[in-house]
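Asker: sequence first, predicted model second:
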Amino acid sequence: MENQYYGQEDTGLQMQNGKFPGIQSPQDLYKALSGIWCAYTCAPRMRQDWTEENMTLGQCSVTAFLAQDVFGGDVYGIPLKEGGFHCFNLVNGHLFDLTSAQFREKLDYSNSVIQRREDHFAKTEKKERYEYLKQELIKYCAE
């Protein structure tokens, strides 16, 4: 499977803990999530447009916070024209965005703002989607 995300060229980033065996790099996490992302893990307002061909659509915040669980670092967000933020990760100076493929245009990561888990997970549905994604990743790692 070809990785299709911003920051994929840097393979120096390594897992920070042993909670997710087999996930040693963002490339490993992308590969695992490629078989887990689904309409349920997509933001509800975008579900009608989610497809396997555009599997990263609506997955940014739940994915970025899960990547933070694996690699540490911070979650940042790019302000979107239509409101809200598109989330990505910054770990030890390495920026990667596992869900960047959902956008047709190249994103500008320079105007980003740190994102807090508490703010995002104040929405029950988002917290539930994150928990589902995390549990499915744990199952994937146990196989």
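Answerer: Noted; the coordinates are in hand.
Asker: low-confidence ranges in the chain?
Answerer: Scanning the chain for pLDDT under 70 picks out 1-3, 10-11, 13-17.
Asker: so where do the helices sit in this protein?
Answerer: 26-34, 60-71, 117-120, 124-142 (DSSP state H).
Asker: let me know which of those is the nearest to Phe96.
Answerer: helix 26-34 (4.9 Å; Cβ to Cβ). Quick note: C-beta positions are derived from backbone N, CA and C, even for glycine.
Asker: not counting sequence-adjacent ones, nearest residue to Gln8?
Answerer: Using Cβ to Cβ, 6 or more residues apart in numbering and skipping residues adjacent in sequence, the residue nearest Gln8 is Gln27, 6.5 Å away.
Asker: Phe103 too?
Answerer: Distance criterion Cβ to Cβ, 6+ apart; nearest residue to Phe103, sequence neighbours excluded, is His86 at 7.6 Å.
Asker: middle-most residue in the chain, spatially?
Answerer: Most central in the chain under Cα atoms, centre = their mean is Thr63, positioned 2.4 Å from the mean C-alpha point.
Asker: and it, what does it touch?
Answerer: With contact taken as Cβ atoms under 8 Å, 6 or more residues apart in numbering, Thr63 is in contact with 33, 37, 56, 87, 98-99, 133.
Asker: of these, select the buried ones using a PyMOL command.
Answerer: To isolate the buried ones among those in PyMOL, judged by 16 or more other Cβ atoms under 10 Å, type:
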select buried, resi 33+37+56+87+98+99+133
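Asker: in strands, which of the contacts of Thr63 appear?
Answerer: Among the contacts of Thr63, the ones falling in strands (DSSP state E) are Cys87.
Asker: tabulate the contacts of Thr63 in TSV, adding columns for distance to Glu9.
Answerer: Formatted as TSV, those follow (distance: Cβ to Cβ, whole Å):
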residue	distance to Glu9
Leu33	18
Trp37	22
Thr56	18
Cys87	20
Leu98	14
Thr99	17
Leu133	25
